[in-house]
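J.: What would the 3D arrangement of this be:
(2 chains)
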Amino acid sequence: MYAYDTFDRRFLVDRNAEFRDQVDRRLAGDLSEEEFRPLRLMNGLYLQLHAYMLRVAIPYGVLSSDQLRTLARIARRYDRGFGHWTTRQNMQFNWIRLVDAPDILDELASADMHALQTSGNCIRNVTADPLAGAAHDEIEDPRIWAEAIRQWSTLHPEFSFLPRKFKIAVTGALEDRAAVAFHDIGLRMVAGPGGTKGFRVLVGGGQGRTPYVAQEIRPFLEEAHLMSYLEAILRVYNLHGRRDNIYKARIKILVNAIGIDAFRDEVEAEWNRIRGTTYDLPAAEFDRIRAQFRMPALRPQPVRPAALEARKASDPAFARWARRNVRPHRVPGYAIVTVVFKEPGRPPGDATADEMDAVAAIAEQFSQRELRVTYTQNVVLPHVALADLEAVYAGLAAAGLVAGHSDLIGDIIACPGLDYCSLANARSIDIAEAITDRFADPERAEAIGPLRLNISGCINACGHHHAGHIGILGVDKKGTEHYQLTIGGAGDDEAAVGTILGPSFPAEDVPGAVETLVETYLAMRRGDEPFRATVARIGSEPFKEALYGHR
Amino acid sequence: MPRLVHKILTANRLADGVVVYLADADRWSEDISAALLAFGAEETAELERAGVAAVASRLVVAPYAIEVDCDGEYVRPLSVRERIRASHRTTLAFHRERETGAAASAVDGTLAATQERAA
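T.: Residues are numbered from 1 along each chain as shown, chains lettered A, B, ... in the order given. Modelled structure (predicted):
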């Protein structure tokens, strides 16, 4: 993991002292709310429905066990005993007192953490493949470049007041597990000629009220030029992005308004002007960062432990957990474990302080003290020996964290919705819980197969509903909460925006409507064809007919 | 018979962000049933003036008037959003239930219960 040096630590201490002074001045009346609001937002502190909310940055989703314990301590001491994994690999606390915020930031800083770049019209906390450094299909560890982007973008003077927020995602693997095509800039590591490495650069993706899948601006960019190319894209956006209309301010609107070719011409012209100067990362600095992401020294382990195989054969619940939540690791004898915070009854992505401590202890003992947060609101243990899987399962079971199954219908992405968010039109959590209850039978969920169901409480789409195989969007219909269903979205290699099926449903009808979509799929699928493939083959009409045919 | 719609003034407390209601000329309560009721534009304007004063005194942030139903025994916001704010309730109920070992479906966070509440 990347370790802060004295410069990083000094920076956070100074920054926190500055914010403490700003809070004091606000409480003393020297700053009005209008003056204070942008200052608190720059430190991740929002005012939501019930209280202040602090969004803590977890750069590219990487956490140490000590950092997770710090989050648990904050949840226990300053919140109501829990936190919430966000859809951008961060954690937010929903019941924060303004007067406590400076102390919380100091606690975070003591663990090399902060809340910068989690709000405002800046380059937000960069996201990445949560399996980085452990995945078997990796060309290069994306954390190296994600860390370089973090350093470059933190308080970048030219890009701290962009037309709108700006999100960058990086993956170094063959499979996209970072939803790069739904980001302002998506970076996919690809192999180039002569053993070189570089990026396929995508631009202009995003969700919200105007969803777009990102377009390719450059099929191959040598990795050595990444930083100058990012600088060029941001400059063109900063210059031409609209500042007169918040709904048209994102880069996706600019790219689609002038066309990808014209946008590319502008970027390439700017890039040709600045490339080869001081913008790119010096090779020595790249090497310094890369050295911090070295694979931990993993002791040789049995590739097929006999006890593990026997347990799978005798314990169906364990076998299912192992099938769904354990993935191959690049080192034989090891695995990547997903801890799913989605079992029936749990608000998606909520984690209690005790659960955080339990998972931190497991990571400490069995996963090289490392964890990752996924944008699907789960946590990954990246380096677990196959021989330790039973012990990890036992620890997670004791914490109540083995009943959720990764990438099945119950693994719902949901924004906080109207339970917390001042922007929301409708609740997301209640709907997610009702659907999870309806599909609680793990055998049935597994028989349905991989199905990504995403819920947003408003058109801002923090719950990624556009990218759900089934998407649910909360809308306000004459003062009541209604929900619009979409189908056929995807956030992975075949990124697509879902198709709206028809008029919205009242909340109580949503689980039944989802059931209808699932039953229609089961009736129409060929063999073990996954949900998305069936939708791609037959289109949305049979699903519309099933939902609305009787009307 | 047309429903009598009253207004009350709500805000978030500056120091901790908690939802509060204007209860007296200078007192704010977390309990919506203690809220001062206004009927008509003139009384509502009076509440709003008290809100401006409370902002100046650094008690609250962003006060605004909301519509409520009341029958003398209860005060109930008309909008779902404001009913959620008034409840001071969130998914916290889930965590309490887990700690006590009770069934999650018994908490007020379930769909059926919230629909009933919203009805």
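J.: Give me the most central residue, the chain.
T.: No chain specified, so I'll use chain A. A:Y375 (2.3 Å; C-alpha atoms, centre = their mean).
J.: Let me rephrase: I mean chain B.
T.: Short answer for chain B (C-alpha atoms, centre = their mean): B:A86, at 3.1 Å.
J.: if I pick that one, what's in contact with it?
T.: B:V19, B:I32, B:P77 (C-beta atoms under 8 Å, 6 or more residues apart in numbering or on different chains). Glycine gets a C-beta too; all of them are placed from N, C-alpha and C.
J.: which of those residues has the most neighbours?
T.: Among the contacts of B:A86, the one with the most neighbours (other C-beta atoms under 10 Å in any protein chain shown) is B:I32, at 25 neighbours.
J.: Quick one: residues contacting that one.
T.: Here B:I32 is in contact with B:I8, B:Y21, B:V68, B:V75, B:P77, B:A86 (C-beta under 8 Å, 6+ apart).
J.: List the buried residues for stretch B:6-17?
T.: Of all the residues in stretch B:6-17, those buried under the rule 16 or more other C-beta atoms under 10 Å in any protein chain shown are B:H6, B:K7, B:I8, B:L9, B:T10, B:A11, B:N12, B:R13, B:L14, B:A15, B:G17.
J.: what's the farthest-apart pair in those?
T.: Within these, two members stand farthest from each other by C-beta to C-beta: B:H6 and B:A15, at 28.2 Å.
J.: sorry, back to before: mark which of the buried residues of stretch B:6-17 are part of strands, please.
T.: Among the buried residues of stretch B:6-17, the members found in strands (DSSP state E) are B:H6, B:K7, B:I8, B:L9, B:T10, B:A11, B:N12, B:R13.
J.: Tell me the one of those residues nearest chain A?
T.: Taking C-beta to the nearest C-beta as the measure, B:N12 is the one of those closest to chain A, at 5.9 Å.
J.: any weak-confidence spans in chain B?
T.: B:1-3, B:90-119 (pLDDT under 70).
J.: That one: helices as residue ranges?
T.: B:41-56, B:80-87, B:92-100, B:111-118 (DSSP state H).
J.: where does A:R372 sit relative to chain B, distance-wise?
T.: Applying C-beta to the nearest C-beta, to the nearest Å, the value for A:R372 to chain B is 24 Å.
J.: With A:D315 instead?
T.: As judged by C-beta to the nearest C-beta, A:D315 and chain B stand 24 Å apart.
J.: pLDDT score assigned to that residue?
T.: On the pLDDT scale, A:D315 is placed at 98.
J.: Now the phi/psi pair for A:Q117, please.
T.: phi 60, psi 30 (degrees, to the nearest 10).
J.: That one touches A:A57, doesn't it?
T.: Yes - counting by C-beta atoms under 8 Å, A:Q117 does reach A:A57; the two are 5.9 Å apart.
J.: Closest approach to chain B from the stretch 251-400 of chain A, which residue is it?
T.: Closest point on the stretch 251-400 of chain A to chain B, by C-beta to the nearest C-beta, is A:G345, at 3.2 Å.
J.: residues near that residue, how many?
T.: Other residues close to A:G345 by other C-beta under 10 Å number 20.
J.: my read is it is in a helix, agree?
T.: No - assigned with DSSP: H, G, I helix; E, B strand; the rest coil, A:G345 falls outside any helix and is coil.
J.: Am I right that it is in contact with A:E433?
T.: Yes - counting by C-beta under 8 Å, A:E433 is a contact partner of A:G345 at 6.7 Å.
J.: Could you list which of the buried residues of stretch B:6-17 also contact chain A?
T.: B:N12, B:L14, B:A15, B:G17 (C-beta under 8 Å from any C-beta of the partner chain).
J.: Show the contacting residues for the second one.
T.: With contacts defined as C-beta under 8 Å, 6+ apart, the neighbours of B:L14 are A:R26, A:L27, A:L98, B:R58, B:L59, B:V60, B:V61.
J.: ChimeraX command for the buried members of those residues?
T.: To isolate the buried members of those in ChimeraX, using 16+ other C-beta under 10 Å:
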select /A:26,98 /B:59,60,61
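J.: Excluding chain neighbours, give the residue nearest to residue 55 in space.
T.: Just so you know, I chose chain A. Nearest residue to A:R55, sequence neighbours excluded (C-beta to C-beta, 6 or more residues apart in numbering or on different chains): A:T118, at 3.9 Å.
J.: Not quite, go with chain B.
T.: B:P63 (6.6 Å).
J.: how far away is the one you found from A:R532?
T.: 48 Å (C-beta to C-beta, to the nearest Å).
J.: where in the stretch 301-450 of chain A is pLDDT low?
T.: Answering for the stretch 301-450 of chain A: no residues sit below the bar, that is pLDDT under 70.
J.: rerun that using 90 as the cut-off
T.: A:345 (pLDDT under 90).
J.: For it, which segments count as helices?
T.: Using DSSP state H, counting those that start in this stretch, the helices of the stretch 301-450 of chain A run over A:306-314, A:316-325, A:353-366, A:389-398, A:429-438, A:442-448.
J.: buried residues in the fourth one?
T.: So the one you mean is helix A:389-398. For helix A:389-398, a neighbour-count test (16+ other C-beta under 10 Å) marks A:L389, A:E390, A:V392, A:Y393, A:G395, A:L396 as buried.
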